[in-house]
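Visitor: Generate coordinates for the sequence data below:
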Amino acid sequence: MSTSVDALKHLFRLTDDTGIMEHACGIVPRRQEGYSTDDQARALWVCLEWLDIVSERESGRIYALIDKYLSFMLWAQTEDGHFHNNFAYDRSREAESPSEDCLSRCLWACARLMVRLPDTNRFIAAETMLRQARKYIAGMNSPRGCAYALASFSLLAKHRYPVDYESEVAALANKLVSHYRRHAREDWHWYEPAATYSNGLLPWGLLCAYEVTPNRQWLDVAVESLDFLIRLMTNERGQIRPIGNRGWCTREGRAKWDQQPIDVMKLGLAAAKAYEIVGRSKYYDAAMKCRAWFHGENDARTAMVDPKTGGCYDGIGERGVNYNQGAEAIISFLLTEAIMMKLTHSGDEVKVHANYAGAIS
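Guide: Numbering: from 1, shown residues only. Now for the predicted structure:
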C-alpha cells in the first residue's frame, strides 16, 4: 500500500519548529492562537498511520514530524506526569485545569508509537511518558478519557507487552459500561444524558477492549450504542450528519449546526473497528459514508477537502462551509483517509477516493 507524502502537505504547512499550530485563517496558520498538546498527540497518530501508506523512500519526512510532535509532548508533560494542554505562540503556558481528555489522547499516541515503532529510540520517550501518566488511570472517570485510555491499554495488551495492562482494561471498560447503564433508556442508548463531541470514541474504546478480553457485555454495549449513534448521525438522504455543537443532542432534540470533521472521523473509527470485529456490512457502509462526508456527501453538498492545498475545511454551519483549515480538521481527514484505505485495502491495491486522488497519487 503506497501513496505520496504530499497528501500531508497541509500538516507540514501548519507545523513549525515547535509543533503543529492549532488554527488557520484559510490555509495560513494563526500564530496568535498558539498550540495545543491535544493536536500534537493527534498529529503524531496521523504520522504513525501514514507510515504504513507512503513509500519507505518518502518516510523520512514523516519521521521528522514524528520527532517534533513527540518532543512537544515530552515538554508538555509536567513533573507530576500530567500534560499541560494549551500554549501560546511564545511557548508560554496558558492558564488551565488538568484535562483527562488531553491526558488520554497522549496515552493513545504513546501506545500507538510503542506498537508501531518498538525498535527505535523513540519508543523510550513514548514508554517514559506513558509510565509517568499511568498513575492517573485509576481515578479517571470522564467517558472520553476512559475510552481513549481503554483503547491505549487494550492495544498494548493485544501486542503482549511485558507490563500487565489487563487490570486497567477491565477497570476502564467497566466504568464505561457503568456510565451506559446509568443513562441508557429504551429510546436513549447512550453513556450520558447528551451526545456531545467525539461520540464514536465511546463504543470504539469498548470494542478495543473486547479484542483482548472477550467480555460479551462490553461487546453488547458497544454495538448497541454504536447502532444508536449511527442512527443519530444519519440524515434524510442516508448521509452522515454530525451532531452540531450548537446545542448537541438530547432525548428532546438535536442540533444540526455546527458540524465538525472530528466527529465524523470518530464515528468512522468506531464503525471500522466494529466491522473488523463483528464483520457486519452495515459497519463497513457506515465507515465509507464517513469518508464520503469529506468528499461532498454531506448537508452542504460540498467537498470538505481541497486537493490543491491539501487542507480540510473546519466545519459546516447554517450558512455553509467554514473555509478555514485548522489542525483538528486536517488531522480528522487524514486519519479518516488512512483508516478507510486500510479497511478497503486488498493485496497491493488500495481504493483512493477519486476527489482526492490528485493530492495523494
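Visitor: can we go C-alpha only for contacts and neighbour counts from here?
Guide: Fine.
Visitor: could you dump stretch 92-100 to PDB, C-alpha only?
Guide: Extracted in PDB, the C-alpha atoms of stretch 92-100 (Å, rounded to 0.1, in the frame of the first residue of the first chain):
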ATOM      1  CA  SER A  92       4.400  30.100  27.500                       C
ATOM      2  CA  ARG A  93       1.800  28.000  29.300                       C
ATOM      3  CA  GLU A  94      -1.800  29.300  29.300                       C
ATOM      4  CA  ALA A  95      -3.900  29.000  32.500                       C
ATOM      5  CA  GLU A  96      -6.000  25.900  32.600                       C
ATOM      6  CA  SER A  97      -7.200  23.000  34.700                       C
ATOM      7  CA  PRO A  98      -5.700  19.500  34.000                       C
ATOM      8  CA  SER A  99      -7.700  17.600  31.300                       C
ATOM      9  CA  GLU A 100      -8.400  13.900  31.300                       C
END
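Visitor: For it, buried residues please.
Guide: Neighbour-count burial for stretch 92-100, counted by 16 or more other Cα atoms under 10 Å, picks out residue 100.
Visitor: Equivalent analysis for stretch 161-181, please.
Guide: Those buried within stretch 161-181 under the rule 16+ other Cα under 10 Å are 165-166, 168-170, 172-177, 179-180.
Visitor: For it, what does the pLDDT average out to?
Guide: Averaged across stretch 161-181, the pLDDT comes to 91.
Visitor: With stretch 238-247 instead?
Guide: 96.
Visitor: can you give me the helices for the chain?
Guide: Ranges of helices in the chain, per DSSP state H, are 9-14, 37-50, 59-76, 100-116, 122-133, 143-158, 166-183, 201-212, 216-232, 261-278, 281-294, 327-344, 357-360.
Visitor: can you tell me which of those helices the model trusts least?
Guide: Averaging pLDDT over each of the helices of the chain puts helix 357-360 lowest, since it has a mean of 38.
Visitor: Pull the contacting residues for residue 90.
Guide: Residues in contact with residue 90, defined by Cα atoms under 8 Å, 6 or more residues apart in numbering, are residue 34.
Visitor: Next, it: phi, psi?
Guide: Here is the backbone geometry of residue 90 (degrees, to the nearest 10): phi -80, psi 10.
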